[in-house]
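S.K.: this is a predicted model, with the sequence first.
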Amino acid sequence: MTDRAPTDWRTDAMRRRIVRRYGAERRFRMFGLGAIILSAGFLAFLIVTMVMQGAAGFTETRVSLPIDFAAAELTVTPEQLRGDRGNLALAGAGLEGVVDGAAGAAFAQQGGAELLSDGAWLRVRDTLKANPGMLRGRTAIDVPVATDIDVAYKGDGTPEAEQVVAALGDRLSRGLNRDFFGNADATDPTRVGIWGALKGSLLTMFVTLILAFPIGVLSALYLEEYAPKNRWTDLIEVSINNLAAVPSIIFGLLGLAVFLGTFGLPRSAPIVGGLTLALMTMPVIVIAGRNAIKAVPPSIRDAALGIGASPVQVVFHHVLPLALPGILTGTIIGMARALGETAPLLMIGMRAFIAAPPEGLTDPATVLPVQIFLWSDEVARGFVEKTSAAIIVLLVFLLAMNGVAIYLRNRFETRW
Amino acid sequence: MAEHTVKAFDEDIGRLRGLISQMGGLAEEAIDGAMRSLQRGDLDLAQEVRAADKQIDAIESEVERLVVRIIALRAPMANDLREVVAALKIAAVVERIGDYAKNIAKRVPLIEGEHRIEPISIIQAMARMAAEMVHDVLDAFAARDAKAAIEICERDNALDDFYDAIFRTLVTHMVENPKTISEVAHLLFVAKNLERIGDHATNVAEMVYFAATGTQMAEREKGE
Amino acid sequence: MTQKITAHDVNVFYGEKQAIRQVSIDIDQEDVTAFIGPSGCGKSTFLRTLNRMNDTVASARVEGDIRLDGEDIYSKDMDVVQLRARVGMVFQKPNPFPKSIYENVAYGPRIHGLASGKSEMDAIVEQSLTRAGLWAEVKDRLSDSGTALSGGQQQRLCIARAIAVDPEVILMDEPCSALDPIATARIEELIHDLRGRYAIVIVTHNMQQAARVSQKTAFFHLGELVEYGDTNDIFTNPREPRTTDYITGRYG
């Protein structure tokens, strides 16, 4: 063996190598920074467009409608207006016709009753119920306008509608669309609300969480801590991994066949949606849970076993608390995916037109992403901004969920 | 015995053994030189022997330093520990042997009077025997030979017998030649020194035995 | 001298591989017993058979007879959870629970129901920490996290945690290998103090440590117990050539 000559670290070749190395370093940093800026840009673009388009969805255009109740001769007394029976009484007394008549009188040139939203008389009704004294006089009530006028007033209407807006001038005004947060789906874009879908989503997520979280966590714990390592558990592991990768539409078909077909559960119900989504979310929770459990250092298990803790005590006193932040993160990711899921819910009938918010787990309901999908399909122009508004609601819901996850994680991580 | 994983430990042990055997060689030489100067009445040689003792002392202190270093840095265990401790003790004993040789050399001018005395020649045989014991016991140390150590202990009896014989001879000589009493008395001390050298060699043999086996030599094996 | 643990013809297998061959050893109540030997010689494996920690390894199989005070610890009647409380263990890496110092010590007594109230528990915690030589350092911050202590303190906390369950035997698996020399010396001093109250078995790579803390030393090599005897004899005059080679630093 011949001795190597001592290395000269100061040759030109060495110097060039250093320059190249620095160059590569710099380029890598630039690319990384570029990628971050690009994705941040996309995100910002998405948010800005959504907010710009969607913000209008939360507002409505109102027109001041003069009504002379005294002249209209409604056959109701102020005492009859209290409670739910008031609605019936007013409807029976022909309030809708009164409102239409008033509109025809006030806006003869602009199309009369056509100018108003279908729900305008409901606003009048609610106002009357709040102020029964109005029945005896003449008053002006701000009522929502029809969707084409609404769109025109917001600056994107047809030429005819634009003319009407110009003619009405300052009798038009804008306000927060409270109905949007209280109503369910409707055919008239000025009357639609997100509450039905939001409540449907909440109920569905509730079912999903209640089922998928305990089952997923217990499966993960059993597989990691108790199950013998043999061919069967390998098989189960592979199956779970595959299950997590199965396209969601398949779960929809499964839900359709099993829950609706075999068990005969009600169609379109949050409980079926929740069950289906739980099937889909569970493998994600199992996988995340197993990884989190695996990440708990074995030394902690040894320590607990070494002072005579039983396996169950080891799991519930030490392993689970330490793995919980990881499990929660995985769960939230799974839940977020479930929240945004459309396809499997279409299969089990949650795409139906449902005009009332669900009252319970078995009521027909729809969920936010399906609602967005349905509205984006509508022809009426008013639905464009409603779609964006619904997307904003969905995103806020997601952010809130993630916020809760981060809060819980931090709380559990600093438990001692 | 296999090598240590840490080569430097082997080097230290090797150096320690080298120093001990060098010391042994010098002690042997000193005995030899002292006896030759006595035989020939060579005062210059006697002076050389006395000077050479300083070298033995120097090596002894080097052995001490090396042993302390090995114990501190290598933490020797079991047979290594026994060997290192034995080396430390052997160095001290060999230094004493050197002192006896020097003492003999010191007496050369005192014995070397006008009168030549006969018994000087029998004492040479005793000196050879003592020097051989020193030589062999250090060989035994180098070879970790417990058997040789026992055998050397047995030889001490013969040396003691030799001393007794010389003692009687010298006493007879003194009675017959009262004029040479002071020279012969010095010669008696020389014989005593040689007997002490044998005792020390026996001590070394016991240390060699302990270093090699880890047990003390049984009383009966000492040939008492 | 009473024999706390007696092991007879113990074999341990990991799957097909035999990790321990025909080991027979008696552990004295009064002594600190050290297991030494090169890495992979089976000393830790054997230690872990003494409180059945090997049960947690699915492929491990133990043959032979191991008795704690005459009771067969591998018999069906032996409750493994209780056995591990009676035969405590301290591990190589300090592994306090990520809980408060107080909780670390109180956990064992709590799950075994050894304290019937807060004041009794406080007393156990204080006594355990005192015996582990940690009380003075932590008494003002019992609610701090155990993981915030230094390595040596953590290891003493782990010893306190083991003591709190009032074990009969304490097994220590290389308890100082992650500690600096000062912390190591404190643990060794602690072992010295605990001697007699508990039978102590310590596995160590550090032969000087074995020599310092133990009265009995067992040398393991390739899964066999090569030599077992008084520490004094093992380190000055071992009988077996393999022991000599190992402790003098000639191991291949």
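M.R.: Cool, the structure landed.

S.K.: if you count neighbours, what's buried in the stretch of helix or strand B:Cys153 belongs to?
M.R.: Element membership of B:Cys153 [criterion: DSSP states H and E] is helix B:146-176. For helix B:146-176, a neighbour-count test (16 or more other C-beta atoms under 10 Å in any protein chain shown) marks B:146, B:148-153, B:155-156, B:159, B:162-163, B:166, B:169-170, B:173-174 as buried. For every residue, glycine as well, the C-beta is placed using N, CA and C.

S.K.: need the residues of chain C near chain A, please.
M.R.: Of all the residues in chain C, those in contact range of chain A (C-beta under 8 Å from any C-beta of the partner chain) are C:51, C:53, C:56, C:58, C:81-86, C:88-91, C:93, C:95-100, C:103, C:107-108, C:111-112, C:145, C:158, C:161-162, C:164-165.

S.K.: just the ones of those residues in helices?
M.R.: Under the assignment DSSP state H, the residues of chain C next to chain A contribute C:81-86, C:103, C:107-108, C:111, C:158, C:161-162, C:164 to helices.

S.K.: among these, name the buried ones.
M.R.: Among those, those classed as buried by 16+ other C-beta under 10 Å are C:81, C:83-86, C:103, C:107-108, C:111, C:158, C:161-162, C:164.

S.K.: relative to A:Ala102, how far out is the residue in chain B that chain A sits nearest to?
M.R.: When distances are taken as C-beta to the nearest C-beta, chain B approaches chain A most closely through B:Lys7, which lies 19.9 Å from it. Relative to A:Ala102, B:Lys7 is positioned 111 Å away (criterion: C-beta to C-beta, to the nearest Å).

S.K.: could I get the buried residue list for stretch A:68-84?
M.R.: In stretch A:68-84, counting by 16+ other C-beta under 10 Å, buried: A:Phe69, A:Ala72, A:Leu74, A:Val76, A:Gln80, A:Leu81.

S.K.: gap between that stretch and the chain center?
M.R.: 40 Å (C-alpha atoms, centre = their mean, to the nearest Å).

S.K.: which non-adjacent residue is nearest B:Asp42?
M.R.: Sequence neighbours aside, B:Arg36 is the residue nearest to B:Asp42 in space, at 6.8 Å (criterion: C-beta to C-beta, 6 or more residues apart in numbering or on different chains).

S.K.: tell me how many other residues crowd B:Lys179.
M.R.: In terms of burial, B:Lys179 registers 11 neighbours under the definition other C-beta atoms under 10 Å in any protein chain shown.

S.K.: just the pLDDT at it, thanks.
M.R.: The predicted local distance difference test score for B:Lys179 is 81.

S.K.: for B:Gly113, same thing?
M.R.: 62.

S.K.: quick check: which element contains the residue nearest to B:Asp42?
M.R.: Using DSSP H and E, B:Arg36 sits within helix B:7-40.

S.K.: now for that helix, which elements pack on it?
M.R.: Based on contacts counted as 3 or more C-beta pairs under 8 Å, 6 or more residues apart in numbering or on different chains; DSSP states H and E, the elements that helix B:7-40 packs against are helix B:43-74, helix B:78-111, helix B:120-143, helix B:181-213.

S.K.: wait, which of those is closest to chain C?
M.R.: Across the helices and strands packed on helix B:7-40, chain C has its closest neighbour in helix B:78-111 (4.7 Å, C-beta to the nearest C-beta).

S.K.: quick one: that closest one to helix B:7-40, angle?
M.R.: Using axes from the mean of the first three to the mean of the last three C-alpha atoms, to 10 degrees, the inter-axis angle of helix B:78-111 relative to helix B:7-40 is 20 degrees.

S.K.: picking up where we left off before, any chance of the ones in helices among the residues of chain C next to chain A in JSON lines, plus pLDDT and distance to A:Gly133?
M.R.: As requested, these are exported to JSON lines (pLDDT from 0 to 100; distance: C-beta to C-beta, whole Å):
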{"residue": "C:Val81", "pLDDT": "89", "distance to A:Gly133": "78"}
{"residue": "C:Gln82", "pLDDT": "89", "distance to A:Gly133": "81"}
{"residue": "C:Leu83", "pLDDT": "91", "distance to A:Gly133": "85"}
{"residue": "C:Arg84", "pLDDT": "91", "distance to A:Gly133": "81"}
{"residue": "C:Ala85", "pLDDT": "90", "distance to A:Gly133": "80"}
{"residue": "C:Arg86", "pLDDT": "92", "distance to A:Gly133": "85"}
{"residue": "C:Glu103", "pLDDT": "92", "distance to A:Gly133": "67"}
{"residue": "C:Tyr107", "pLDDT": "93", "distance to A:Gly133": "71"}
{"residue": "C:Gly108", "pLDDT": "92", "distance to A:Gly133": "75"}
{"residue": "C:Ile111", "pLDDT": "91", "distance to A:Gly133": "71"}
{"residue": "C:Cys158", "pLDDT": "93", "distance to A:Gly133": "79"}
{"residue": "C:Arg161", "pLDDT": "93", "distance to A:Gly133": "77"}
{"residue": "C:Ala162", "pLDDT": "92", "distance to A:Gly133": "82"}
{"residue": "C:Ala164", "pLDDT": "92", "distance to A:Gly133": "77"}
